[in-house]
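[1] Any chance you could fold what I've pasted below:
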Amino acid sequence: EIQLLQSIDSILWNRHLPNEKCGIFFINVNGRNLRTLESSSWFNDEEASRVFLFACRLKKLGISMQNVGIITPYSLQVKRLRGIFDEAMPGCGLKVGSVEEFQGQERDIILVSTVRTNHKLVATDQQFNLGFLQCPKRMNVAISRARALLVVFGKESLLAQDDNWRYLIQYCRLQGTYVSEK
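    As a prediction, this is how the structure comes out:
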């Protein structure tokens, strides 16, 4: 696992870390969660783009896409990400799926797209058990599937409303693995 981190060191942020062996990164993305008229699910194109670009950098370094998984709690984001990868890297072996689809599975590298950005809609999400804000079991599955590297893409100000996500973000800050858009 440490060898994998060393092999992709050039694309990781802040590698002058207090702990260079830390394999958890949080990327603060200022995207927007959106939905279509046909679906009650959500997507976030900015996060999808950031996830795709990071996967492209991994591939360029020779990482097999079969060792990479992308987890997101929303079916519309799964569909959009699958479409992006099917078009750009058909048959690459990368798995994109929901939290439930990754239950019991692992990959060397896991990228998590949390999607949500709108503070006003969190109460509705909680009422209907959507997403994984304030759902520790779903969060646990999402962040525990990586053998070597976990990269979470999300909006800090929204995720930090939950104690568990706030702890993960604070941990990344302490490790020097928190990255914010300029």
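[2] Spell out for me which residue occupies the centre of this structure.
    Nearest to the mean C-alpha position of the chain, by Cα atoms, centre = their mean, lies residue 112 at 1.6 Å.
[3] where exactly do the strands run in the protein?
    Ranges of strands in the chain, per DSSP state E, are 24-28, 68-71, 95-97, 107-113, 146-154, 178-180.
[4] and these as a markdown table, adding distance to residue 62 and mean pLDDT?
    To be clear about C-beta, it is placed using only N, CA and C from the backbone, and glycine gets the same treatment. Shown next, in a markdown table, are the strands of the chain (distance: least, Cβ to Cβ, whole Å; pLDDT from 0 to 100):
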| stretch | distance to residue 62 | mean pLDDT |
| --- | --- | --- |
| strand 24-28 | 20 | 93 |
| strand 68-71 | 12 | 98 |
| strand 95-97 | 19 | 96 |
| strand 107-113 | 13 | 96 |
| strand 146-154 | 15 | 94 |
| strand 178-180 | 23 | 88 |
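[5] To residue 36, which of these lies closest?
    Residue 36 sits nearest to strand 107-113 of all those, at 17.0 Å, using Cβ to Cβ.
[6] Provide the contact partners of that closest one at residue level.
    1, 4, 44, 47-48, 51, 54-55, 58, 63, 67-72, 77, 81, 95, 102, 142-143, 145-154 (Cβ atoms under 8 Å, 6 or more residues apart in numbering).
[7] CA atoms only for that strand, dumped as CSV, please.
    Only the C-alpha atoms of strand 107-113 are listed here, as CSV (Å, rounded to 0.1, in the frame of the first residue of the first chain):
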residue,chain,number,x,y,z
ARG,A,107,-10.1,-1.7,-4.4
ASP,A,108,-6.5,-0.3,-3.9
ILE,A,109,-7.9,3.2,-4.7
ILE,A,110,-11.3,4.5,-3.9
LEU,A,111,-12.6,7.9,-5.0
VAL,A,112,-15.8,9.1,-3.3
SER,A,113,-18.1,11.7,-4.8
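[8] That strand to strand 24-28, inter-axis angle?
    Orientation of strand 107-113 against strand 24-28 (axes from the mean of the first three to the mean of the last three Cα atoms, to 10 degrees) gives an angle of 20 degrees.
[9] Work out the sheet partners of strand 107-113 and label each with its direction, please.
    Its sheet considered, strand 107-113 pairs with strand 68-71 (parallel), strand 146-154 (parallel) by DSSP bridges.
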